[in-house]
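**Student:** Sequence and predicted structure are below.
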Amino acid sequence: MTDPVLATHGLTKSFGAVQASRDISLSLQPGEIHAVIGPNGAGKSTLISQICGGLAPDAGQVHFLGEDVTALPTRKRARMGLARTFQISALAMEDTVLQNVTLGALGARGGPLGLLRDALNNQDLRDKAMGALQRVGLAGQASTITAELSHGQRRQLEVSIALTLNPRAFIMDEPMAGMGTEGSHRLTAFLDELRHEAPILLVEHDMDAVFALADRLSVLVYGEIIATGTVEEIRNNPQVRAAYLGETA
Ligand SMILES: Nc1ncnc2c1ncn2[C@@H]1O[C@H](COP(=O)(O)OP(=O)(O)OP(=O)(O)O)[C@@H](O)[C@H]1O
């Protein structure tokens, strides 16, 4: 097996008496979509926060690109190319699509945020932003006010911002949330292509999308990974069916 792009080793995190992560070890291979599924409160957000640097684990490590990044702040992990897209959108709704991506690209460069107006007029940054918009198919909406985008287009916009980071791995927190059936289908096709840019750790409740996309799934229940495997293996795992999938699989 090739070296994983991202791996956790024995991540453990408690909040008082609640063990939100119990000895979680998982990996993300090049080109792979690895989905993490589990019921509400299973510990998915806690896991993502530890991977991205928002929460420090009580024990365990996070390795990214072969480096132990457990002690690095979120910002440094992001600069290394750990690109998170958010469950709750952090887009500036009153700004144009291009402005949102340009500001994202500026953040990636670590430039002074006090010079926003300069940044928006900086040709290099604008070119980089337009390039990212082209890759997600949003170049035609560059001058659109972000609030006017559909849910699916907002997700594409978030990904285009992430693309300006030169991502080496995507961490996606419920990208299908709030999408209609058609939007989910389109986003599914989009993510299927995006995996070639960088592998995706996908936390998602939409099982149709998960089953269509995931090379591997890990099932999280009460802070613990009870199974990791292919879609077929997970669908047929009696423990998973009992704990989570029920009859929907
Ligand atoms: N900051 C916190 N303080 C105390 N308890 C917390 C905190 N964050 C999470 N928890 C608890 O840890 C457990 C896991 O929560 P987490 O939000 O990670 O689950 P989740 O799988 O992301 O849930 P959902 O699918 O509903 O978003 C829950 O019991 C939750 O109440």
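**Tutor:** Happy to help now that I have it.
**Student:** Tell me the helix or strand right after the lowest-mean-pLDDT helix or strand in the chain.
**Tutor:** Counting by mean pLDDT, DSSP states H and E, the weakest-scoring helix or strand in the chain turns out to be helix 116-121, with a mean of 67. Later in the chain than helix 116-121, the nearest helix or strand by DSSP states H and E is helix 123-136.
**Student:** Show me which residues of the protein sit near the ligand.
**Tutor:** Within the chain, the positions near the ligand by Cβ under 6 Å from any ligand atom are 15, 18, 20, 38, 40-46. C-beta: built from backbone N, CA, C; applies to glycine.
**Student:** are any of those buried, and which?
**Tutor:** Buried members of those, counted by 16 or more other Cβ atoms under 10 Å: 20, 38, 42-46.
**Student:** Give me the subset of the residues you listed lying in strands.
**Tutor:** Here DSSP state E is the test, and those give residue 20 as lying in strands.
**Student:** could the buried ones among the residues of the chain next to the ligand be laid out in a markdown table, adding distance to residue 98?
**Tutor:** Formatted as a markdown table, those follow (distance: Cβ to Cβ, whole Å):
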| residue | distance to residue 98 |
| --- | --- |
| 20 | 39 |
| 38 | 37 |
| 42 | 38 |
| 43 | 37 |
| 44 | 32 |
| 45 | 31 |
| 46 | 35 |
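**Student:** Where do the strands of the chain begin and end?
**Tutor:** Assigned by DSSP E, the chain shows strands spanning 6-15, 18-28, 33-37, 59-64, 67-68, 82-85, 169-173, 200-203, 216-221, 224-229.
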